[in-house]
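Trainee: model this:
(2 chains)
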There are 2 protein chains.
Amino acid sequence: MAKEFIVTPWEVKGNIDYDKLIHEFGVSKIDSALLDRIKSHTGELHYLLRRGIFFAHRDMKFILDEYELGNKFFLYTGRSPSGHTHLGHLIPWMFTKWLQDKFDVELYFQFPDEEKFLFKQDLTLEDTKKYTYENMLDIIALGFNPKKTFFIVDTIHADLMYREAIKVSKKITFSTVKAAFGLNNESNIGSIFYTSMQAVPAFLPCVLKNKKMPCLIPHAIDQDPHFRVSRDVIPKLGYYKPASIQCRFLPGLGGIAMDGKMSSSVEDATIYTTDDEVTVKKKINKYAFSGGKDTVEEHRKHGGNPDIDVAYQWLVFFEEDDEVLKQIHDDYKSGKMLSGEIKAILIEKINSFLKVHQKKREVAKKHVDEFILKKHSAHHL
Amino acid sequence: MAKEFIVTPWEVKGNIDYDKLIHEFGVSKIDSALLDRIKSHTGELHYLLRRGIFFAHRDMKFILDEYELGNKFFLYTGRSPSGHTHLGHLIPWMFTKWLQDKFDVELYFQFPDEEKFLFKQDLTLEDTKKYTYENMLDIIALGFNPKKTFFIVDTIHADLMYREAIKVSKKITFSTVKAAFGLNNESNIGSIFYTSMQAVPAFLPCVLKNKKMPCLIPHAIDQDPHFRVSRDVIPKLGYYKPASIQCRFLPGLGGIAMDGKMSSSVEDATIYTTDDEVTVKKKINKYAFSGGKDTVEEHRKHGGNPDIDVAYQWLVFFEEDDEVLKQIHDDYKSGKMLSGEIKAILIEKINSFLKVHQKKREVAKKHVDEFILKKHSAHHL
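Mentor: All right, here's what the predicted structure looks like:
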């Protein structure tokens, strides 16, 4: 279990030690005092918070201080389109929607459609354009408030973004991106510049509204290097340092020790939001790493290990009811519940979620335009 | 006279050996065969061509081959706004206008308003915005055809430009820009990316019109490193390698051996298009390096040296009439014309030019919008 692990915006590998990551990245662990303070505003805690899936943050206290003073934050998160949405992508977005609802705040959702194009040799801008649209459907399907949610597409909104990105870029040297992202002399100059574009939505609403507002970025921990760099720069431009709240990764079907997060680069280990019932069933039955014993007899006697059982781990991410989850945990651990049974529960859970999601996804096709940030504020001479 | 010289897009210094530059940069000298071929289309040769001020090129033969086959080129040139327009800036633009008129072609004129912001610590985007407008007035005043001239402002047209720039940037490594522009690890990441934006107008018209067209870039020789890099990349994107035609620099008033080109960083050595008559007179009389002798007696006896006399050199750039110029040359060289007299001729020449130019510049204020590239072709999902 003491394997090496890698967490960068472009690569997540190995068995991730999240406590070590907290230390390495310099983020703060979400403690019970912070949870209580959030609860005092939201009335309840999202299960992703209760279960420590959102586990770390930067400057959440500042966000709440300002909120309590009447200075509302806005949310910023994003999706770099390079493929279809898989279930792992939904986790931070589901939580972001909860934050939007509970705090009644605006969300700026970035689609950096150049990022993966710049970092992946074979990906074209036609590919990323297609996936931008496909990914948007999933985000809309999650139920974000169209009046308070604004999609930013880097290539489309570049007339708003580029002007701000160059201000950011002027304050970041190549040495800094080398150190933060592991780029080198053979990296292309677009990939070197890119982090400037990812910084912009953390203050663009302030530019558009000409108003200083705090920004909170919910995101998976692998994106932290971008915000570590931009948090140094953004205050120099006259805006608040963006705060962030970070989640760990949904493990791939292959198992926690096998791969750090579910990745689209391993087709079989991935469940997409567009997968049909049969595919979901097949993938989970065939690929979900089991924490059960080799024979039914042994399993009944010694019980399964929920800590490494992917079906159980996924239920931690998707079963909202704590009591239901605890019952599954205990039954599986005691040996009362077999591997096939826990997989069947997960299959049912995922398929009933996807059934609704896919319907909403169809409806979303009519609403994409409503979500795209209007450009009436674009700069002119 | 064997001083070192430096020619980069951001620094021009020393007594430039243009023959050496041709060799170093790998451009081709404009020879009499090429001049004849141009003349066969234009009917006459612009004095800047006749006098070798436009002295070098890349792929002019290709441009003329295609033109003769009915495949018209478009022109691309630009101005990086960081200050008021000085007389040196006008030289390539005057020639560009001549090309537009003679070949009846479109011109795409780029204002990379982020460039100097990225390369100069103290320059703000508010500064470059102001100078973009001021510089536009000078360009319009030169008489470009508003129906065939399209201004591109990087921050304003970023929704057209950025998408193309990232395609360019994907094919350029940091090693390449290090070598071409002398950037280093402490360079900001915007400056590293910038050359991608300068490449775009060389094929943007092809994108907008969905048509493969040759591009000809008239420019001062210091910009060649940008196009050396982009000429390698642009064919990989499916467009023609842009051709170019290059001029040498109008020397500063301080003299040819003192500084490579007139620079706005030396106020007194610079005449701006907005200078009034008295200022022009004062600057030329006070600062224009003289090739005359120390006393009138000596001058009458030995004559002046037009090769180092700035007033004479400027007349080479601004006196269109070859015979008038030759008479001045001979009279000055023989001692018949004194330094004060040749300066008086230059003052009269510049002031009568600026009198008209400044009037046209006022009129231009009403026409700026007509020249700005319309964005109806912007990308959407």
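Trainee: C-alpha only now, for contacts and for neighbours.
Mentor: Will do.
Trainee: contacting residues around the residue nearest to A:Val153 when sequence neighbours are not counted?
Mentor: In space, and not counting its chain neighbours, A:Val153 is closest to A:Phe111: 4.7 Å by CA to CA, 6 or more residues apart in numbering or on different chains. Each residue near A:Phe111 by CA atoms under 8 Å, 6 or more residues apart in numbering or on different chains is listed here: A:78-81, A:132, A:151-154.
Trainee: what's the answer for A:Ile192, then?
Mentor: With CA under 8 Å, 6+ apart, A:Ile192 has these contacts: A:174, A:177, A:183, B:189, B:192-193.
Trainee: which secondary structure element contains the residue of chain A most remote from its centre?
Mentor: Largest separation from the mean C-alpha position in chain A: A:Glu297, at 39.9 Å (CA atoms, centre = their mean). A:Glu297 is located in helix A:296-302, with elements delineated by DSSP states H and E.
Trainee: got the buried residues for the helix or strand following that helix?
Mentor: On the C-terminal side of helix A:296-302, the closest following helix or strand by DSSP H and E is helix A:310-318. Within helix A:310-318, the residues that qualify as buried are A:310-318, counting by 16 or more other CA atoms under 10 Å in any protein chain shown.
Trainee: show me which pair in these is furthest apart.
Mentor: A:Val310 and A:Phe318 (12.1 Å; CA to CA).
Trainee: so who does the closest residue to A:Gln223 other than its chain neighbours touch?
Mentor: Using CA to CA, 6+ apart and skipping residues adjacent in sequence, the residue nearest A:Gln223 is A:Pro9, 5.0 Å away. Applying CA under 8 Å, 6+ apart to A:Pro9 gives the contacts A:181, A:222-226.
Trainee: and what of A:Val229?
Mentor: When contacts are counted by CA under 8 Å, 6+ apart, A:Val229 touches A:176, A:180.
Trainee: for it, give me phi and psi.
Mentor: For A:Val229, the backbone dihedrals (degrees, to the nearest 10) come out as phi -70, psi -50.
Trainee: gap between it and A:Lys212?
Mentor: From A:Val229 over to A:Lys212 the distance is 20 Å, taken as CA to CA, to the nearest Å.
Trainee: A:Phe109 now?
Mentor: For A:Phe109, the distance to A:Lys212 - CA to CA - is 19 Å.
Trainee: up against chain B, what does the stretch 51-200 of chain A have?
Mentor: Proximity of the stretch 51-200 of chain A to chain B (CA under 8 Å from any CA of the partner chain) is limited to residues A:114, A:118, A:129, A:133, A:155-159, A:162-163, A:166, A:169-175, A:184-193.
Trainee: cutoff 6 Å now
Mentor: Neighbours of chain B within the stretch 51-200 of chain A, by CA under 6 Å from any CA of the partner chain: A:118, A:155-156, A:158-159, A:163, A:166, A:169-170, A:172-175, A:185-190, A:193.
Trainee: which of those residues are buried? Put it as a ChimeraX command.
Mentor: If you want just the buried ones from these in ChimeraX, going by 16+ other CA under 10 Å, the selection is:
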select /A:118,155,156,158,159,163,166,169,170,172,173,174,175,185,187,188,189,190,193
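Trainee: burial count for the residue of the stretch 201-350 of chain A found nearest chain B?
Mentor: The nearest approach of the stretch 201-350 of chain A to chain B comes at A:Leu237, 11.8 Å away (CA to the nearest CA). Number of residues near A:Leu237 (other CA atoms under 10 Å in any protein chain shown) recorded here: 14.
Trainee: next, it: phi, psi?
Mentor: phi -90, psi 0.
Trainee: now A:Gln121, what's its secondary structure?
Mentor: coil (DSSP: H, G, I helix; E, B strand; the rest coil).
Trainee: wait, I meant A:Phe55
Mentor: Per three-state DSSP, A:Phe55 ends up strand.
Trainee: what residues does it make contact with?
Mentor: With contacts defined as CA atoms under 6 Å, 6 or more residues apart in numbering or on different chains, A:Phe55 is in contact with A:29-30, A:247.
Trainee: so how far is chain B from the residue lying closest to A:His367 once chain neighbours are set aside?
Mentor: Excluding its sequence neighbours, the residue lying closest to A:His367 (CA to CA, 6+ apart) is A:Ile140, at 7.9 Å. A:Ile140 sits 16 Å away from chain B, going by CA to the nearest CA, to the nearest Å.
Trainee: run through who's touching the helix or strand hosting A:Ile140.
Mentor: A:Ile140 belongs to helix A:125-141 when assigned by DSSP H and E. With contact meaning CA under 6 Å, 6+ apart, helix A:125-141 is reached by A:81-83, A:85, A:113, A:360-361, A:364.
Trainee: next SSE after it?
Mentor: strand A:149-153.
Trainee: just the strands in the stretch 201-350 of chain A please.
Mentor: In the stretch 201-350 of chain A, the segments counted as strands under DSSP state E, counting those that start in this stretch are A:215-220, A:243-247.
Trainee: from the contact counts, what lies against the first one?
Mentor: So that's strand A:215-220. strand A:74-78, strand A:243-247 (3 or more CA pairs under 6 Å, 6 or more residues apart in numbering or on different chains; DSSP states H and E).
Trainee: same list, those strands, but as TSV with mean neighbour count and mean pLDDT please.
Mentor: Formatted as TSV, those follow (neighbours: other CA atoms under 10 Å in any protein chain shown; pLDDT from 0 to 100):
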stretch	mean neighbour count	mean pLDDT
strand A:74-78	24	98
strand A:243-247	24	98
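Trainee: do you know which of those lies nearest A:Ser40?
Mentor: Here strand A:243-247 is closest among the helices and strands packed on strand A:215-220 (CA to CA), at 17.5 Å.
Trainee: could you say what helices and strands that closest one packs with?
Mentor: Strand A:243-247 packs on strand A:54-58, strand A:215-220, going by 3+ CA pairs under 6 Å, 6+ apart.
Trainee: if we ignore the residues flanking it in sequence, what's nearest A:Ser334?
Mentor: A:Ser334 sits nearest to A:Gly303 (CA to CA, 6+ apart), 4.6 Å away.
Trainee: pull the longest helix from chain A.
Mentor: helix A:339-364 (DSSP state H).
Trainee: dump stretch A:106-122 to PDB, keeping only the CA atoms.
Mentor: C-alpha atoms of stretch A:106-122 as PDB (Å, rounded to 0.1, in the frame of the first residue of the first chain):
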ATOM      1  CA  GLU A 106     -23.800  32.700  -9.000                       C
ATOM      2  CA  LEU A 107     -21.700  30.000 -10.600                       C
ATOM      3  CA  TYR A 108     -19.200  30.700 -13.400                       C
ATOM      4  CA  PHE A 109     -18.500  27.400 -15.100                       C
ATOM      5  CA  GLN A 110     -15.400  27.300 -17.400                       C
ATOM      6  CA  PHE A 111     -14.900  25.000 -20.400                       C
ATOM      7  CA  PRO A 112     -11.200  25.500 -21.200                       C
ATOM      8  CA  ASP A 113     -11.600  23.900 -24.600                       C
ATOM      9  CA  GLU A 114      -8.000  24.600 -25.500                       C
ATOM     10  CA  GLU A 115      -6.400  22.900 -22.500                       C
ATOM     11  CA  LYS A 116      -6.500  19.200 -23.500                       C
ATOM     12  CA  PHE A 117      -5.900  20.200 -27.100                       C
ATOM     13  CA  LEU A 118      -2.700  21.800 -26.000                       C
ATOM     14  CA  PHE A 119      -1.700  18.900 -23.700                       C
ATOM     15  CA  LYS A 120      -2.700  15.900 -25.900                       C
ATOM     16  CA  GLN A 121      -1.000  15.400 -29.200                       C
ATOM     17  CA  ASP A 122      -3.900  13.800 -31.000                       C
END
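Trainee: where in the stretch 151-300 of chain A is pLDDT low?
Mentor: A:256-268 (pLDDT under 70).
Trainee: going along the chain, name the helices of it.
Mentor: A:158-169, A:174-181, A:189-193, A:195-199, A:204-209, A:224-233, A:277-287, A:296-302 (DSSP state H, counting those that start in this stretch).
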